[in-house]
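Visitor: sharing a model prediction with you, sequence too.
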Amino acid sequence: MATFHRVASVADFQDGLVRVFPVDGVEIAVVRHDGVWHGFSGRCPHANYLLNFTRVKPEDRILCSSHMALFDLHTGCVLSGPTEVGLKRYPVQVAGDDVLVSNEPE
Ligand code: FES
């Protein structure tokens, strides 16, 4: 069973703005977009670029600005760019004002 760790308060998030947190040794990106919470790898699988403060792009895309890899926010799959490795997805929960993340990928 996944263990969840508190990373921040709900009020710490702007809609569509990705934040990255260390969670028990794993850097995990968290974003609330259109009212839905998402957790995924905090670093791009191509060359390890940190995705902190990335904004969700139109059509629910995550763009790594280092070499322009494009990922699907909902699945983590690569849509285009220099990698074939997608973003791992991590479970996010909200309990009251607390945002919780598991470091066990979905
Ligand atoms: S590090 Fe993200 S595309 Fe190269």
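Guide: That came through fine.
Visitor: next up, the contacts around the closest residue in space to Gly25 that isn't next to it in sequence.
Guide: Nearest residue to Gly25 in three dimensions, chain neighbours excluded: Asn103, at 7.2 Å (Cβ to Cβ, 6 or more residues apart in numbering). The C-beta positions use only the backbone N, C-alpha and C, and glycine is treated the same way. Residues in contact with Asn103, defined by Cβ atoms under 8 Å, 6 or more residues apart in numbering, are Thr3, His5, Val23, Asp24, Gly25, Val26, Ile28, Tyr90.
Visitor: for Gln14, same thing?
Guide: Contacts of Gln14 (Cβ under 8 Å, 6+ apart): none.
Visitor: what pLDDT is listed against it?
Guide: Model confidence at Gln14, given as pLDDT, is 97.
Visitor: now what about stretch 61-80, what contacts it?
Guide: With Cβ under 8 Å, 6+ apart, stretch 61-80 has contacts from 18, 31, 33, 38, 40-41, 44-47, 49, 51, 54, 56-57, 60, 81-89.
Visitor: sort out for me which of the residues you listed are in helices.
Guide: In helices, judged by DSSP state H, none of the contacts of stretch 61-80 are found.
Visitor: and those residues near the ligand, which?
Guide: Among those, the residues lying close to the ligand (Cβ under 6 Å from any ligand atom) are Cys44, His46, Ala47, Tyr49, Gly81, Pro82.
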